[in-house]
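[1] sequence and computational prediction follow.
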Amino acid sequence: MVPLSYYLFLSGFLFTCGVVGFLIKRNIITIFMSIELMLNGVNLSFVAFAAHWRALAGQVFVFFVMVVAAAEAAVGLAIIIAVFRTRETLNVDQVNLLKL
Amino acid sequence: MSLHLILFLVFGAICVAGAVNLLVQRHPINSALSLIAVMAALAGEYLLLGAEFVAAIQVIVYAGAIMVLFVFVIMLLNAGEEEETKGSRVASLFGVPGMLTGAVLMAWVVLRRSGTEPVSIGALPGHPTEIAHLLFHDFLLPFEVTSVLILIAIMGAVVLASKPEATERKAD
């Protein structure tokens, strides 16, 4: 028997890793992958709660999160390609046109 | 120690190792491969929770489609090693207290332990038939809206990623 808190701990750890990667990474693609890691951490807690309370709606929400993640990945990677075409770099420190 | 707990710990260890490896690696392709390992291990966790439909989607959509897109873009842009730059001051100012708060919150959750029963594969509660019933009855409107969302995302990706000259030529 695995307590619910173990799943929540793993989920929180994955989310924290995603946040840390989002903050410390400088490559725009790796930052994007950190966002995917955060979404995965949230998905795990959704499924864990769905199993805990026998509520299937949690798994349907995971399905919707995946759909949104797929759409986000498609648009985000297209934006990355557009940025690379104009700025010739993947380093977010050099993409600073909006900076004061 | 039950088999369930052992399997949870094995998959969880793969998840944690992959997530840490994603942060440590400097080359994006290594980060992408460790993220695929995290997603595959998460599919195992979903199977342990009795959600075989979600586990299958996790492997097909996440570890398959989305990560292939990532690897494709990494190779298309010929992404190299990450350059070392000094981190932002705001991130370290707010990041450290934020991390500590998160750690305290997680410890609090872990200390208030509540049990989940082991679910054998194919038993309760994630049967695909029931999920389909929910998806096409209770959540029909969100399901239809996501199809529009996907369509918009496809068109947006095509417009954003197409070459500027191609759109100009079309305008002439």
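    Looks like it arrived, so ask away.

[2] who are the packing partners of the helix ranked longest in chain A?
    The helix spanning the most residues in chain A, taking DSSP state H as the definition, is helix A:57-87. Applying 3 or more C-beta pairs under 8 Å, 6 or more residues apart in numbering or on different chains; DSSP states H and E, we find helix A:57-87 packed against helix A:28-52, helix B:52-57, helix B:67-76, helix B:128-133, helix B:140-161. (Glycine included, C-beta is placed from N, CA and C.)

[3] remind me what the fourth one packs against, helices and strands.
    By that I understand helix B:128-133. helix A:57-87, helix B:52-57.

[4] just put these in CSV and tack on mean neighbour count and distance to residue B:157.
    Output for the helices and strands packed on helix B:128-133, formatted as CSV (neighbours: other C-beta atoms under 10 Å in any protein chain shown; distance: least, C-beta to C-beta, whole Å):
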stretch, mean neighbour count, distance to residue B:157
helix A:57-87, 19, 4
helix B:52-57, 20, 21
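
[5] among those helices, which comes closest to residue B:20?
    Residue B:20 sits nearest to helix A:57-87 of all the helices and strands packed on helix B:128-133, at 21.7 Å, using C-beta to C-beta.

[6] before we move on, back to that, give me whichever of the helices and strands packed on helix A:57-87 is most buried.
    For those, average neighbour numbers computed from mean count of other C-beta atoms under 10 Å in any protein chain shown are highest in helix A:28-52, which has a mean of 23.

[7] mind checking if that helix is in reach of chain B?
    Yes - Helix A:28-52 lies within reach of chain B by C-beta under 8 Å from any C-beta of the partner chain, at A:29-30, A:32-34, A:36-37, A:40, A:43-44, A:47-48, A:50-52.

[8] for that helix, give the mean pLDDT please.
    Mean pLDDT, computed over helix A:28-52, is 91.

[9] for the chain, which spans come out with low pLDDT?
    You didn't pick a chain, so chain A it is. For chain A, applying pLDDT under 70 flags the ranges A:1.

[10] that's the other chain; I wanted chain B
    Residue ranges of chain B with pLDDT under 70: B:84-88, B:91, B:110-126, B:166-172.

[11] TSV for the helices and strands packed on helix A:57-87, including distance to residue B:5?
    Converted to TSV, these look like this (distance: least, C-beta to C-beta, whole Å):
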stretch	distance to residue B:5
helix A:28-52	14
helix B:52-57	18
helix B:67-76	29
helix B:128-133	26
helix B:140-161	35
